[in-house]
Structures are given as structure tokens and as C-alpha cells.
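A.B. asks: Build me a model from this:
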Amino acid sequence: MAEFVRDVMTPGVVAVRPDASVVEAAQLMRTQNIGDVVVADGQEVVGMLTDRDITVRAVAAGADPQTVSARAVCTPDPLLVAPDDPVPAAVALMRKHAVRRLPVVEDGLPVGMVSLGDLAESEDPGSALADISRAEPDAGATPHAGAEPGARGGP
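C.D. replies: So this is what the prediction gives:
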């Protein structure tokens, strides 16, 4: 069982400027095969932008993703953890605030990300969430690939 956030986090951070367009952020997510980016003003974390934020706060609201900024649709002032924080503290923070990802910041600089999947792999490696988190993404796959149109899944 991991003791500190640094033991479970995914090192490195993918970030966009606050004035980056939602399209720019989405293209970066696609290229990096991730579902979130840090919104950073210089080296300061000012927000988190997820694929869900783009869908719900921009596209579904009718905003033009070419012109709306990452800052306009991101979650501002995200919760942060440090690499030396205990894993149970990160888990408690995620649970209390119902968040799935936490940027990891050291000396004011973003250095990684800790997600539910990271925690599942560490704490319960045999869980379904851990298996899914370890799986290599299939860039060409679509949900229910191979299913007949209108099929609702299941044999």
C-alpha cells in the first residue's frame, strides 16, 4: 500500500494557458490521450479543464469552442495536493469534494496528477477500476463497437 501521493501519482502535467481555446485544449487531450488538462497562468495552476467541462459548459451551452477560452469553462481554483501528502488525505479530499483528479503541486509548480484510477491501481490492483486504468486505450474504438445500431448491449 502506497504511503504518499508521489508513490501513486502520474508524473508530469499537460497544461494550457487560460486564453487557449477549448478546441486547442481538446486537441491536446486527444493527442495526449487524456481527459483533462491543467489551466496554468505561467506556472500557477488556476484551473482544471476536463473533457466533461468542455461538453457541459461549452458545447452543450452553445458556446463556440473556437473562441471560448479554457478559463471560461474550466473549474477554477482546483483542489491541490503535494507529493508528500499522505495517500489517505488525497482520498479523503477526493471523496469530500466528489472529484476524480487532483493536480499535484510542489513548491508552487504542477508536477503530476493523481486520479481515481491511480489510487485504484495502488490500493486495489485487482479491482475493475484498476484493470480499466491499466488498459491501453484503443483510439479507433467507439462505445459498443460492433454492436448493431440501436442495440443496448449485453448478450
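A.B. asks: quick one: the strands in this protein?
C.D. replies: Listed from the start of the chain, the chain has strands (DSSP state E) covering 10-11, 15-16, 36-41, 44-50, 75-76, 101-106, 109-115.
A.B. asks: chain center to the first one: distance?
C.D. replies: Read it as strand 10-11. Strand 10-11 sits 12 Å away from the centroid of its parent chain (CA atoms, centre = their mean, to the nearest Å).
A.B. asks: what's around residue 45, how many residues?
C.D. replies: Residue crowding around residue 45 was assessed by other CB atoms under 10 Å; the count is 20. C-beta here means a position set from N, CA and C on the backbone, and glycine is covered the same way.
A.B. asks: Could you check how far residue 63 is from residue 53?
C.D. replies: In this structure, residue 63 and residue 53 are 11 Å apart, going by CB to CB, to the nearest Å.
A.B. asks: Between those two, point out the one with more neighbours.
C.D. replies: Counted by other CB under 10 Å, residue 63 and residue 53 do not tie: residue 53 has more neighbours, with 22 against 16.
A.B. asks: Put together JSON lines for the strands of the chain, with distance to residue 29 and mean pLDDT on each row.
C.D. replies: Formatted as JSON lines, these follow (distance: least, CB to CB, whole Å; pLDDT from 0 to 100):
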{"stretch": "strand 10-11", "distance to residue 29": "14", "mean pLDDT": "94"}
{"stretch": "strand 15-16", "distance to residue 29": "9", "mean pLDDT": "96"}
{"stretch": "strand 36-41", "distance to residue 29": "6", "mean pLDDT": "95"}
{"stretch": "strand 44-50", "distance to residue 29": "9", "mean pLDDT": "95"}
{"stretch": "strand 75-76", "distance to residue 29": "15", "mean pLDDT": "96"}
{"stretch": "strand 101-106", "distance to residue 29": "13", "mean pLDDT": "96"}
{"stretch": "strand 109-115", "distance to residue 29": "13", "mean pLDDT": "94"}
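A.B. asks: Same list (those) but as TSV, adding distance to residue 82.
C.D. replies: Written out in TSV, the entries for the strands of the chain read as follows (distance: least, CB to CB, whole Å):
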stretch	distance to residue 82
strand 10-11	14
strand 15-16	18
strand 36-41	15
strand 44-50	12
strand 75-76	19
strand 101-106	6
strand 109-115	9
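A.B. asks: Out of the ones you listed, the one nearest residue 3 is which?
C.D. replies: Between residue 3 and the strands of the chain, the tightest spacing by CB to CB is seen for strand 109-115, at 13.3 Å.
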